[in-house]
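**Student:** got a predicted structure plus its sequence, pasted below:
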Amino acid sequence: MIQQRVVFNNKVLPYLLIAPQVIITLVFFFWPASQALYQSVLQEDPFGLASTFVGLDNFIDIFTDEIYLNSLLTTGFFSISVTFSSMIVSLLLAVMANRVLWGGAIYKTLLIWPYAVATMIAGVLWFFLFNSTAGIIAYFLRVMEYDWNHALNTGQAMFLVIFASAWRQISYNFIFFLAGLHSIPPSLIEASAIDGASPFKRFWTIVFPLLSPTSFFLIVVNVVYSFFETFGVVHAITGGGPDYATNILVFKVYHDGVLGLDIGSSAAQSVILMSIVIFLTVIQFRYIERKVHY
Amino acid sequence: MSTASLEGIKKSFGDVQVLHGIDCKIQEGEFIVILGPSGCGKSTLLRLIAGLEKITVGTIKIDDREVNNLEPAERDIAMVFQTYALYPHMSIFNNMAYGLKIRKMSKEEIKKRVYNAAEILELTPLLKRKPKELSGGQRQRVAMGRCIVREPKLFLFDEPLSNLDAKLRVQMRLEIRKLHQRLNITSVYVTHDQVEAMTLADRLIVMDKGFTAQIGSPLDVYERPANTFVAGFIGSPAMNFMDAKLENNGRSIRISEKEYLELPGKGLPEHIDNKVRAGIRPEHFVICDAKEAQIKLKTDVVEKLGADTLVHGFTLENNIAMTVSLDGIQHFDADTILSFRIQPDKIHIFESESGKRLN
Ligand SMILES: Nc1ncnc2c1ncn2[C@@H]1O[C@H](COP(=O)(O)OP(=O)(O)O)[C@@H](O)[C@H]1O
Ligand SMILES: [Mg+2]
């Protein structure tokens, strides 16, 4: 195929066209990132009037701080739970949607809606539904004699933030799984049916392995999501509590920096978070480049 | 070895009826080829036999047992897909062993069968590879290997050679034939390629728009096509047709004011009133002197194919397009007038309206 080359006669136009993207990246990513890097080696005085260079002291403080280490564990648990619960449910829904012959379009559209809900709104939504005094779900739980109060019970608080975060991500995963399922030739499934495999066996021996590139991609995306974008959910539902039970890293960055005004520590925590993302992204690119599927 | 029978098979997708009643009894070890143009319902019929689609009306039996409501897995059949449908994430060995593992066969037996099939199909050195590391012809063989290790009752093929290049296709055609002679598994093979059909088939089912146009041996179908569809579809270049009138008490047909052709024996006295079409295959024209001519053609394009020469032209009298195939290389200019005779027993007579064969 002959590639058509677009020729710009105007020398300035191309730069103008990419300018918005470049400016947004610079202003909202590079600038804060460099600020964070810079701040992470400084210590501000309590009045925010002067800062001194303290080298890696902020990082050392963080890694000896029990609250931070606890937050790291909490984040790990939270992230794994969100990723897997959301992916498992999405995969299940995608497999079913792929089979539906009638009304499939409506079903698919409905499943995509949650993604249009901002994380903060999603948080507020589930907060109200589960609110121990006003929430309808909490009410039903009480009717069934289950005592729900996520403001006091650490396990319930964790469950709720995981639930709300996973719920919102289901749509995204669903779309990718559905696309992945569509790309598996029906003849492979038919061949395996003729070879004698039950539907369950077909799924585990053919469909699931062939979805592995999609699954891997989604694991990385979901982990990154649960590390960062879930801030709104936590903020709206638990505010990190009770007793630090849902104090995930990104929320702690906000809490220490914006509320506690410990800019140096908060910046150092951001730098650590940033490195985690960079690490995950590198793994993903490595993997996808090598095309290690089958 | 198994038998199979199709009894009044009809299939509709929603409101659209695709198959309109197919009947056929398939003998033990027989190689049946379903031949027809694209979209006539061949694959659908095969998929019904495989159990991948549900029958609307009719019965399919394998070894005299009705299988209408059995899952594909329970029918003990194997199928080679047009796209091969090899499992891309498994080695060739595992591709062939898959069906056996699912049937919980012992490890030794699986190994024995896979190596045996690999030997037959010359796949032994490739067993550790993945499908994407094989050529088209090799993948095709793996697809067949995956079927023969199962030792199924019925072997189904859906245009297995259509993704190969011409040379490989000829070679694989031969291999399929040899494989069948060796294993003698009852087979149903779908194709739109008449050369494949003629060379492979013990018996042909020629299909037209969801109907069986004719069932018979390849020679039967070639020599005595049951209707104008089969006559025009089988044979390359295609048969020439012309409108004609029976006369002389059915002993000859008139094709123009000055031209007539004798029919063998008593002819067709009982059809004297029917409007008919005469069909003559390009290879049955014999060149002769102008005095003895039964049909004269004015040449148009002459194609020299080496082994034979195709002369495209028009009848001198009523300007009907005709193609004539002559042995060897022959030189004719355009607009040359050629004279031909036709052996009476090579003339096919069909009823104009229904297209049914009369003689
Ligand atoms: N799953 C299906 N749904 C609706 N129509 C179908 C389906 N499968 C096949 N058809 C229709 O049935 C007809 C025959 O198809 P097919 O059996 O694939 O033809 P062939 O294999 O002879 O080319 C076609 O007109 C096709 O559009
Ligand atoms: Mg087909």
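**Tutor:** Structure received. Ligands and ions are numbered 1, 2, ... in the order given.

**Student:** give me the pLDDT for residue A:84.
**Tutor:** With respect to pLDDT, residue A:84 scores 95.

**Student:** what about it, how many neighbours?
**Tutor:** Neighbours of residue A:84 under the rule other Cβ atoms under 10 Å in any protein chain shown: 13. (C-beta placed from N, C-alpha, C; glycine too.)

**Student:** identify the single longest helix in the chain, thanks.
**Tutor:** In the absence of a named chain, chain A is used. Longest helix in chain A, counting residues (DSSP state H): helix A:66-99.

**Student:** hm, I was asking about chain B
**Tutor:** In chain B, taking DSSP H as the definition, the longest helix is helix B:166-183.

**Student:** how about that helix as CSV, C-alpha atoms only?
**Tutor:** The C-alpha trace of helix B:166-183 is given here as CSV (Å, rounded to 0.1, in the frame of the first residue of the first chain):
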residue,chain,number,x,y,z
ALA,B,166,-2.3,-23.3,-7.2
LYS,B,167,0.6,-25.6,-7.2
LEU,B,168,0.3,-26.6,-3.6
ARG,B,169,-3.4,-27.2,-4.1
VAL,B,170,-2.7,-29.8,-6.8
GLN,B,171,-0.2,-31.5,-4.5
MET,B,172,-2.5,-31.5,-1.4
ARG,B,173,-5.4,-32.8,-3.5
LEU,B,174,-3.3,-35.8,-4.4
GLU,B,175,-2.3,-36.3,-0.7
ILE,B,176,-5.9,-36.1,0.4
ARG,B,177,-6.8,-38.8,-2.1
LYS,B,178,-3.9,-41.0,-1.0
LEU,B,179,-4.8,-40.5,2.6
HIS,B,180,-8.4,-41.6,1.9
GLN,B,181,-7.2,-44.7,0.0
ARG,B,182,-5.0,-45.5,3.0
LEU,B,183,-7.4,-44.9,5.9
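
**Student:** so where is chain A shaky, pLDDT-wise?
**Tutor:** Residue ranges of chain A with pLDDT under 70: A:1-6, A:8, A:46-48, A:100-103, A:288-294.

**Student:** can you tell me how far the residue nearest the centre of it sits from residue A:173?
**Tutor:** What sits nearest the mean C-alpha location of chain A, by Cα atoms, centre = their mean, is residue A:225, with 1.3 Å. In this view, residue A:225 and residue A:173 are 10 Å apart by Cβ to Cβ, to the nearest Å.

**Student:** neighbours of the residue in the stretch 51-200 of chain A positioned nearest to chain B, how many?
**Tutor:** Nearest to chain B, among the residues of the stretch 51-200 of chain A, is residue A:195, at 3.5 Å (Cβ to the nearest Cβ). Applying other Cβ under 10 Å, we find 27 residues neighbouring residue A:195.

**Student:** again with residue B:287
**Tutor:** Residue B:287 has 14 neighbours, counted by other Cβ under 10 Å.

**Student:** go on, residue B:106?
**Tutor:** Neighbours around residue B:106, by other Cβ under 10 Å: 9.

**Student:** now do the contacts for it.
**Tutor:** With Cβ atoms under 8 Å, 6 or more residues apart in numbering or on different chains as the criterion, no residue contacts residue B:106.

**Student:** surely residue A:246 touches residue A:164?
**Tutor:** No. If you go by Cβ atoms under 8 Å, residue A:246 and residue A:164 don't touch, sitting 10.8 Å apart.

**Student:** joint contacts of these two?
**Tutor:** What both residue A:246 and residue A:164 touch, as defined by Cβ under 8 Å, 6+ apart, is the set residue A:237.

**Student:** returning to what we had before: how about the residue nearest to the centre of chain A: what's its closest non-neighbour residue?
**Tutor:** Excluding the flanking residues, the one nearest residue A:225 by Cβ to Cβ, 6 or more residues apart in numbering or on different chains is residue A:169, at 5.8 Å.

**Student:** for residue B:32, see how far away the residue of the stretch 51-200 of chain A closest to chain B is.
**Tutor:** Counting by Cβ to Cβ, the gap from residue A:195 to residue B:32 is 23 Å.

**Student:** got a list of contacts for the host helix or strand of residue B:350?
**Tutor:** Counting by DSSP states H and E, the element that carries residue B:350 is strand B:348-351. Contacts of strand B:348-351 with the rest of the structure, by Cβ under 8 Å, 6+ apart, involve B:224-225, B:227-228, B:231, B:239, B:244, B:246, B:253, B:263, B:268, B:271, B:274-280, B:356-359.

**Student:** just these: which are in strands?
**Tutor:** In this view, the contacts of strand B:348-351 that belong to strands under DSSP state E are B:244, B:246, B:253, B:275, B:276, B:277, B:278, B:279, B:280.

**Student:** quick one: which of those is nearest to ligand 1?
**Tutor:** residue B:279 (24.3 Å; Cβ to the nearest ligand atom).

**Student:** so what sits opposite that closest one in the bridge?
**Tutor:** Using DSSP bridges, the bridge partners assigned to residue B:279 are residue B:241, residue B:348.

**Student:** I figured it hits residue B:342, correct?
**Tutor:** No. At 10.9 Å, residue B:279 does not count as touching residue B:342 under the criterion of Cβ under 8 Å.

**Student:** neighbour count winner among the two?
**Tutor:** residue B:279 (23 against 18).

**Student:** burial of the residue of chain A at minimum distance from ligand 1, as a residue count?
**Tutor:** For chain A, the residue closest to ligand 1 is residue A:186, as judged by Cβ to the nearest ligand atom, at 10.0 Å. When neighbours are counted by other Cβ under 10 Å, residue A:186 registers 12.

**Student:** ok, it to residue A:193 distance?
**Tutor:** Counting by Cβ to Cβ - residue A:186 and residue A:193 are separated by 10 Å.

**Student:** please apply the same query to residue B:18.
**Tutor:** Distance of residue B:18 to residue A:193, given as Cβ to Cβ: 21 Å.

**Student:** same thing with residue B:131?
**Tutor:** If you go by Cβ to Cβ, the gap between residue B:131 and residue A:193 works out to 19 Å.

**Student:** in CSV: the ones in strands among the contacts of strand B:348-351, plus distance to residue A:273 and pLDDT.
**Tutor:** Formatted as CSV, these follow (distance: Cβ to Cβ, whole Å; pLDDT from 0 to 100):
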residue, distance to residue A:273, pLDDT
B:244, 89, 90
B:246, 94, 89
B:253, 92, 90
B:275, 88, 84
B:276, 88, 90
B:277, 83, 92
B:278, 87, 92
B:279, 82, 94
B:280, 85, 94
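
**Student:** return the member of these nearest to residue B:186.
**Tutor:** Nearest to residue B:186 out of these is residue B:279 (Cβ to Cβ; 33.6 Å).

**Student:** ok, that closest one - contacts?
**Tutor:** B:225, B:228, B:231, B:232, B:239, B:240, B:241, B:347, B:348, B:349, B:350.
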